[in-house]
Structure formats: C-alpha cells, structure tokens
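> With the input below, show me the fold.
(4 chains)
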Protein chains: 2
Amino acid sequence: MVNMEKDQSTEQKILEAAREVFVEKGMDGARMQDIADRAGMNKALLHYYFRSKEKLFEKVFIEQAAQFLPQVGDIIMSDAPLFTKIERFVDVYITKLTENPYLPMFILNELNKQPQSFILKVWGERGLPVEMFVTQVKDEIQKGIIKPIDPRQLVVNMAALCIFPFAGKPMIQWVTQMNDEDFWKFMEQRKIEVAKFIIDSIRK
Amino acid sequence: MVNMEKDQSTEQKILEAAREVFVEKGMDGARMQDIADRAGMNKALLHYYFRSKEKLFEKVFIEQAAQFLPQVGDIIMSDAPLFTKIERFVDVYITKLTENPYLPMFILNELNKQPQSFILKVWGERGLPVEMFVTQVKDEIQKGIIKPIDPRQLVVNMAALCIFPFAGKPMIQWVTQMNDEDFWKFMEQRKIEVAKFIIDSIRK
DNA sequence: AACTAGTTTAACCAATTGGTTGAACGCAAA
DNA sequence: TTTGCGTTCAACCAATTGGTTAAACTAGTT
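Purely as a prediction, here's the structure:
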C-alpha cells in the first residue's frame, strides 16, 4: 500500500485548512479553492478525500461542535459541590474558548442556519444529561443554601456569561474602547469574576 | 414627477425584502434574486435603486444595527437609580429582541466578518456614552450599596444575559428539550429573572 | 397627440465556484 | 524492469450569481 501515513497526513492537512476557513468564513463564505490553497495542494484532492463541500463541512463542524459542548459536560455531571462546579465550569470553559475564540460564533451561527435536523445529527437526539445538575440545584434550594431559581435559567446564565463575550467581542471592544490586549486581560479576569458573579447571586 | 410615493413604496419594498433575506441568510448566503422574488419585482430594480449588493447590505445593516444598540442607550444614560436602570434595561432589551429574534445573530455574525472599519462606519468612532453608568456604579460601590465590581464586567454581563439566549436558541432548546412555546415562555420569565439575578449578585 | 423623463422588465454577460476527468506520478510487489 | 494501484494535478465543465443593457412602459407636460 502507498498510503497509510501519507494518506493520514494529507487528510489531516485538508481538515486543518478546512477548519480554519470554515470557522473564519462560515459555510457560505468558505471557498474550496481557499481551503486547497491553505492546505498547499490541488483542489481536486479535497473532493478525492471528502467528495463534496457539504461533506467536508459536516466533518469539520461535527469535530468542532464536539469541542464546544461535552468537555464541560463532565464538570457539570461530576459529584462536586455546586459552587465548586460553577467555579470549574466558568474557568475551564473560558480557558478553552480563549484557545479557540472564533468557535462560539461559528457554532452558534451555523446552528441557526442549518436545518434543525442537523443539530440532532451532530449532537444526538437527547440533550446533555443535565438532570443531575438540576436535582443538585433543587436540593441546595431546599436545604436553604441558595435562593430559589429555575435551574434552566441558571444553566443558560452560566452559558451566556461564558460564551457571549467571544461572539460579541467586536461590539464589546467598540463599547468599552478596549484594544485586543485589554480585552484578553479582561477575559482573564472574567474567569474568576463570572463565577463570583453567579455565586453571589444565588447564595443565600 | 413620476415617482415621489411610488418610488418610496418600491424602495421600501426592496429594503424590507432585503432585511428579511440578509437577516436570515447573512451577507454571504443572501441572493439578489431571492430578494427580488420576495419583493415581487425584477432583479435589475435592486441595482437601479441601490447599485450593488454591498451597498444594499450596508443600508440594511446600518438600519438594523441602529435598532440593536441605541434604544437601550437612553435607559443606561438616564438618571434613574441603578437597580431601576437594570430592571428597565433587561425588560426593554429582551422585549425588543423578542420582536426581532434573529437580529442578535445577524449583527454579531456580520460584525465578526466585516472588516473592523465597518463597525466604525455603522456606529461611529466612539463607543456608547457609558461613562455616566460607570460613575454611577462606582458611586454605589463607594456608598456601600453594592459590592465592588468592575463596571465593564457588569455591562458585559447585562448584555450577555439578555442577548445570548437569542443567538443560542437552537443550542438551548437542544440542551433543555424545550419546544418553541416553552422557549418563549422561558424568555418571558427571563425579563424579571435576569434583572433579579443581576441585582441579587451585586446588592450588598 | 406627441414628447419627455423616470421606472420596470427580459435577456444577456462575465466572473466565480463546486465539481469532474483523464493523464501523470510514485512507490511497492512481481 | 515492469506492472498495478493509490495519489496528485492541470485543465475543463456546467451552474450560479452579481451586474448590465436596451427596449418597453407609465404618467405628467406641452
């Protein structure tokens, strides 16, 4: 056989280039020629390995979508105390997204544009196993440790406070007149500020 | 003259159709033919009135971007007490965005893709006059009414909690298994829950 | 009725783009 | 060395798309 590792290498080169272009430009804005150029090869190779733009996009999107969610699933499903979970969630999520700042915009945008069936193909039928977290919140409410709150609202708040700044970066920088350096320092602070903000809100 | 009101009508029809298509599909995904079809007229008319796709897009975007920000500027700049401001901000913003749920995704997405110069052309050089709000927050901190917090973090938190759910709707619905009816009920509750969440967090 | 100027349309055009094809290439087995 | 098969590429193709044009239409003016 000729391939085996050369194949892997080429395929990986394509996937990496495709990731860059798709994440930056989106499905509609991405050009196969652009991907080929970044991968340093002929455009026909993209079709040789992945048949079509849609297929290639789906491969890239599934991989990126996987990075966007489940890494935090473990934290939220662990048996740590609620406040610890919140602190870990915020820190890990903001850290992860800082390494891949365009990811939120990419995922959010494509999820809004692709048909609803697409999300099921990517993430499966049922949502995150968030029940454990929900019962934990209800428990802490009953024990009188935290104020009454709809657990779903809490989850969305946690996600919003972590994810939004990446999608809204240009707007935030315009409003606050921060340059890039300021912004990333600001995000570094958020790793503790957001956790504090949430816990301060729900603690009795 | 022939036009005067017929002109207005045609131009408005185009702008409305363009708004629908651009907001739904984005600049890259939008098709001039699609806009013409929705406006019920010949494609050449789009160019007759707006020269090019870019020009038409810019017109639409500027109008939508204006709706996205300044309506809340008044609230934040008013002389109401801080907690009242927060309550009003959250209620008005979520209400407004509910009427135009695709707006956040559209603005956020295009702001990330268009060159940085574009945002200045759309919203002007300087950010929102948020200084008054910042000093107000600092005052309340000094008076011991609220806990110490970076006012910028507070502003971003407020924006995040209001805007994110619209951009993240598909993801939220997948995670929480809410259908559309559930979701909009959930958003209705947010109008008070988010304000409570924020105020509970910063109140001493 | 004839003229004029703004408006609307069908047909057309050039460029871009996703995708295909057949030939060339390279390496291992025979 | 030759054969064979997986890989790579230049050239090509058909469809789409933003944009143009020249003719037709409409209504106010003379």
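> May I have the residues that are in contact with the residue most central in space within chain A?
If you average the C-alpha coordinates of chain A and look for the closest C-alpha using CA atoms, centre = their mean, you land on residue A:68, 2.8 Å from that point. With contacts defined as CB atoms under 8 Å, 6 or more residues apart in numbering or on different chains, the neighbours of residue A:68 are A:103, A:104, A:107. For glycine as for every other residue, the C-beta is placed from the backbone atoms N, C-alpha and C.
> And for residue A:18?
Taking CB under 8 Å, 6+ apart as the definition of contact, the neighbours of residue A:18 are A:30, A:35, A:39, A:46, A:56, A:57, A:59, A:60.
> For chain A, just list every one of the helices.
Using DSSP state H, the helices assigned to chain A run over residues A:6-29, A:32-39, A:43-50, A:53-68, A:70-77, A:82-99, A:103-113, A:116-123, A:131-142, A:151-167, A:169-176, A:180-202.
> Can you lay out those helices as JSON lines showing distance to DNA strand D?
Output for the helices of chain A, formatted as JSON lines (distance: least, CB to the nearest atom of the strand, whole Å):
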{"stretch": "helix A:6-29", "distance to DNA strand D": "4"}
{"stretch": "helix A:32-39", "distance to DNA strand D": "8"}
{"stretch": "helix A:43-50", "distance to DNA strand D": "3"}
{"stretch": "helix A:53-68", "distance to DNA strand D": "13"}
{"stretch": "helix A:70-77", "distance to DNA strand D": "31"}
{"stretch": "helix A:82-99", "distance to DNA strand D": "29"}
{"stretch": "helix A:103-113", "distance to DNA strand D": "14"}
{"stretch": "helix A:116-123", "distance to DNA strand D": "19"}
{"stretch": "helix A:131-142", "distance to DNA strand D": "43"}
{"stretch": "helix A:151-167", "distance to DNA strand D": "25"}
{"stretch": "helix A:169-176", "distance to DNA strand D": "24"}
{"stretch": "helix A:180-202", "distance to DNA strand D": "32"}
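> okay, the ones you listed in TSV with mean pLDDT next?
Supplementary listing: the helices of chain A in TSV, determined by pLDDT from 0 to 100:
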stretch	mean pLDDT
helix A:6-29	91
helix A:32-39	98
helix A:43-50	97
helix A:53-68	96
helix A:70-77	82
helix A:82-99	96
helix A:103-113	97
helix A:116-123	91
helix A:131-142	95
helix A:151-167	98
helix A:169-176	95
helix A:180-202	98
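> Can you say which of these is nearest to residue B:98?
Using CB to CB as the criterion, the shortest distance between residue B:98 and the helices of chain A is 15.0 Å, found for helix A:151-167.
> Grab the nearest non-local neighbour of residue A:96.
residue A:71 (6.2 Å; CB to CB, 6 or more residues apart in numbering or on different chains).
> Where do the domain boundaries of chain A fall?
Segmentation of chain A into domains, based on automatic domain parsing, reads A:6-56, A:69-202.
> Between these, which one is closest to DNA strand C.
Nearest to DNA strand C among these is domain A:6-56 (3.4 Å), distances taken as CB to the nearest atom of the strand.
> next one: the closest one to chain centre, how far?
The gap between the average C-alpha position of domain A:6-56 and the chain average comes to 21 Å, counting by CA atoms, centre = their mean, to the nearest Å.
> sorry, back to before: with the contacts of residue A:68 in mind, which one is nearest to residue B:190?
For residue B:190, the closest of the contacts of residue A:68 turns out to be residue A:104, at 20.0 Å, with distances computed as CB to CB.
> Residue A:108 touches residue B:171, doesn't it?
Yes - A contact is recorded between residue A:108 and residue B:171 when judged using CB atoms under 8 Å, the distance being 7.1 Å.
> List the residues that contact residue A:20.
With contact set as CB under 8 Å, 6+ apart, residue A:20 has these partners: residue A:38.
> Look up how far residue A:189 lies from it.
For residue A:20, the distance to residue A:189 equals 29 Å [CB to CB, to the nearest Å].
> And residue A:105, by the same measure?
Between residue A:105 and residue A:189 the distance, using CB to CB, works out to 22 Å.
> of those two, who's got more company?
residue A:105 (25 against 13; other CB atoms under 10 Å in any protein chain shown).
> my read: the more buried one touches residue A:166, true?
Yes - using CB under 8 Å, residue A:105 is in contact with residue A:166, at 6.9 Å.
> any common contacting residues for these two?
Listed as contacting both residue A:105 and residue A:166 by CB under 8 Å, 6+ apart is no residue at all.
> Number of residues surrounding residue A:135?
Using other CB under 10 Å, residue A:135 has 11 neighbouring residues.
> Tell me how far it lies from chain B.
Using CB to the nearest CB, to the nearest Å, one obtains 15 Å as the distance from residue A:135 to chain B.
> same thing with residue A:189?
For residue A:189, the distance to chain B (CB to the nearest CB) stands at 7 Å.
> what's near enough to touch that residue?
Under the criterion of CB under 8 Å, 6+ apart, the neighbours of residue A:189 are B:150, B:153.
> residue contacts, residue A:27?
The contact partners of residue A:27, by CB under 8 Å, 6+ apart, come to A:57, A:110, A:113, A:114.
> Which pair in those residues has the greatest spatial separation?
Every pair in these was compared (CB to CB); the two farthest apart turn out to be A:57 and A:113, at 11.4 Å.
> Which residue is the nearest non-sequential neighbour of residue A:180?
Computed as CB to CB, 6+ apart, the closest residue to residue A:180 that is not its neighbour in sequence is residue A:173, at 7.8 Å.
> Let me see the contact set for the one you found.
By CB under 8 Å, 6+ apart, the contact list for residue A:173 reads A:179, A:180, A:183.
> these two touch, right, residue A:106 and residue A:30?
No - under the criterion of CB under 8 Å, residue A:106 makes no contact with residue A:30, lying 10.7 Å away.
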